[in-house]
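Give me a model of this one.
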Amino acid sequence: MTLKRRLAMILAVVLLAGGLYGVGRLGMAVQQDEETVVEEEPIFGHRDTLYLWYTDEALTDYLNSVAVSYSEYQDEVRVVPVYTSGLEYLETINQASLQTEEAPDLYIVSNDSLEKAYLAGLASEVKMPQGVLPMEDVLPGTAVRAVTYHEKQIGYPFYFETSCFLYNKTYLEDWARAQLEAQRDQELAEESQEQADNGNVEEEASGETEAVEISEEAVAAKMEEALPQTIDDILAFADVYDAPEQVEAVFKWDVSDIFYNYFFVGNYIDVGGANGDRSDSIHIYNEEAIRCLRVYQHLNQFFSIDTKEISYDGILQDFMDGKIVYTVATSDALSKIENAVKEGEFNYDYGVSMLPDVSEQLKSSSLSVTQCVAINGYSTRKQMANDFAVYLTEYATDDLYTRTGKLPVYAGGSTYDDPNAAAFLEEYHNSVPMPKMIETSNFWVELEIAFAKIWTGEDANDSLKNLSEQIMAQVLGETYTEEYIDVPEPVEEGEEEDIGELEGEGEE
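Numbering: from 1, shown residues only. The predicted model follows:
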C-alpha cells in the first residue's frame, strides 16, 4: 500500500471518529463532498533512519512507543530513540556528529541550552511543514519565546516545568466549614437575643430555633475565598488558622532552591529580554525587585526555615504527611501524590493554583524551563527530522503525562481536563522562560546565593546591587557600577503614630 493511500485511510478513520487530526492540526487541506475526499501531498514523506537522543530515562518507554506509532503512520521511516547521559550532553552530540553515522538527527534539550547549541551548529532553524499551523497559533507564548533565538525558532517546545502553589484541600474545606458554622451560630445567637429582648421568652425557651444547613456550594465558595492571592493573604490566614495537631507549618517551601523562590522577583528582573537572548537587555537592580526581596526576607520572621536542613523532597513528603498546609511545588508533585494515594499513603484532598502575588502592588512570575526538540545542524536528514519533531511534540502528546509525568506544551489532548494539571499550564503561561545566553549562565547560581544571604538577614538592596554589577561586568567584559537606588524601608504598623508624635515634639 502506498504512503499516500495509507495517509488517506488514516485521515478518513480519524475524521469519522471525530478525532484530533483535522484541518489545521494535521495541516492537510481537506475538501469533502458527498463522494470524494481530496488531499494534498502528505507532509511526512521521506525515507531513512532517524536517531533521537534524550537524557531523561523516564521517557524511554514513551519514546519507543511513539517511534512505533510513527512507523505505522509513516512506514518508510524508522526512528531509533537513544538514551544518553546528560553530562556534557552537547559536547557528546558534537563529537558523535563528527565521528559516527549514528549521530543524533534530533535530540531533546532544555531551552536554556539553545544558544550554545545553535552557535555550535547543533541546532537548526525549524519551520512547520506546509499546511501546519505556526507555533504562535497553537502554543503558549511562553513556549514560543523559549525556543526563539534572534527572531528564529530553533526548536520545537515539547514539555515544561514550572512551580505552582500546592495546598491541602481537606484542611481548607474543614476551615471553611468551621468558619461558616461559627458565622451561622453567631447569627442564630443574635437572633435569639433579639427575640428575648422583644419579650419572646417562650420561643427562646423552647430551644426550637432551627439551625441553617451549610451547603456544599457555600463551603466551596468560602474555600475559594480563602485561597491566597498575595503573600499578605497567607500571613492573614496563618494568624487566624486553628491548625490541627499534626500541622507543623502553614506555609513552607524550599527556600534554598531558586526555582521555588524566583516568583518573588520574576516579574521585575529582566535577563535577556522577552526571548532571553539579548545581552543589551539586562535589568536586575531596580526598586520593585528590592521591595519584593524585602517581603521575602520578612517571611523568615513568620516561617522560620533553615536553608541548610531542608530539601524539596523533604518538604513534599511533609506535605503528603499532612504537616504543611501550603507549599510551592513543581509538576512532579502531581504524580508523586497520586502514587501516594494509590498506596494509601496520602489521606487528604489537595489542590493546585497559581502562585500568589508578592503584594497587591507587586506581582509575581515563576520561572519555567521548556524541554524542546532540536534538529542537529550536522544531520543529513534535517527535513525528515523536522517532520518527526512536529509529530512528536504536537500529535503524539495525548498520553505523555500519564506515561511519563511530563506536562506537554501542546494542550490539545485530555491532560488538562485535570484542574491541577491545568493550573500548572496556566502558571506556565505567566512564567518567565529560562534565558539562553551563555554570558549569564551562572546568573541562577548567583541569584540563589543572593536569596540565601537575604533570607538570613543581609541587606536586600546591597545584595541585589552587587549581583547586578557582577552579571553586567561579565556581559560587558569590564567593571560595572550601579547607581545606588534609595528605597526607604516600609513603615511598620504603629510606627507612623510614633513618628508623628516625635515630629510634634520637635516642632515644640
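
which regions of the protein sit below the pLDDT cut-off?
Along the chain, the parts satisfying pLDDT under 70 run over 1-47, 200-211, 491-508.

Please repeat the previous calculation with a cut-off of 50.
Applying pLDDT under 50 to the chain picks out residues 1-42, 45-46, 204-208, 494-508.

measure the residue sitting nearest the centre point of the chain to residue 424 for me?
Taking CA atoms, centre = their mean, the centroid of the chain lies closest to residue 162, which sits 2.4 Å from it. Look at residue 162 and residue 424: by CB to CB, to the nearest Å, they are 6 Å apart. (Each C-beta comes from the backbone N, C-alpha and C, glycine too.)

likewise residue 220?
Distance of residue 220 to residue 424, computed by CB to CB: 21 Å.

Who has more neighbours out of these two?
Neighbours per residue (other CB atoms under 10 Å) separate residue 220 from residue 424, with residue 424 holding more: 28 against 12.

who are the neighbours in contact with the more buried one?
162, 164, 331, 334, 352, 407 (CB atoms under 8 Å, 6 or more residues apart in numbering).

Farthest pair within the residues you listed?
162 and 334 (12.5 Å; CB to CB).

picking that back up, between residue 162 and residue 424, which contacts overlap?
Here residue 162 and residue 424 have residue 331 as joint contacts, going by CB under 8 Å, 6+ apart.

quick revisit: which one of the contacts of residue 424 sits in the busiest neighbourhood?
In terms of neighbours by other CB under 10 Å, these top out with residue 162 at 28 neighbours.

Is the residue nearest to that one when sequence neighbours are not counted inside a helix or a strand, and which specific one?
Excluding its sequence neighbours, the residue lying closest to residue 162 (CB to CB, 6 or more residues apart in numbering) is residue 368, at 4.0 Å. Using DSSP states H and E, residue 368 sits within strand 367-375.

Skip ahead from that strand and say which helix or strand is next.
Following strand 367-375 in sequence order, the next helix or strand is helix 382-390 (DSSP H and E).

where do the helices sit along the stretch 251-400 of the chain?
258-261, 287-298, 312-320, 332-342, 382-390, 400-404 (DSSP state H, counting those that start in this stretch).

So in that sheet, which strands flank the helix or strand hosting residue 51, and in what orientation?
Using DSSP H and E, residue 51 maps to strand 48-54. In the sheet, strand 48-54 lines up against strand 77-83 (parallel), strand 106-110 (parallel) (DSSP bridges).

Just the CA trace of the next helix or strand along the chain from the shortest one, in CSV.
Where DSSP H and E defines the elements, the next helix or strand beyond strand 106-110 is helix 114-119. As requested, the backbone C-alpha atoms of helix 114-119 are provided in CSV (Å, rounded to 0.1, in the frame of the first residue of the first chain):
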residue,chain,number,x,y,z
LEU,A,114,19.7,26.5,22.8
GLU,A,115,22.1,29.4,22.2
LYS,A,116,25.1,27.2,22.9
ALA,A,117,23.7,24.5,20.6
TYR,A,118,22.9,27.0,17.8
LEU,A,119,26.3,28.7,17.9
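
Just the buried positions in helix 114-119, please.
114, 115, 116, 117, 118 (16 or more other CB atoms under 10 Å).

which residues are contacting that helix?
90, 109, 123, 147, 149, 154-155, 277, 372, 374, 436-438.

buried subset of these?
Buried residues within these, counting neighbours by 16+ other CB under 10 Å: 90, 109, 123, 147, 149, 154, 155, 277, 372, 374, 436, 437.
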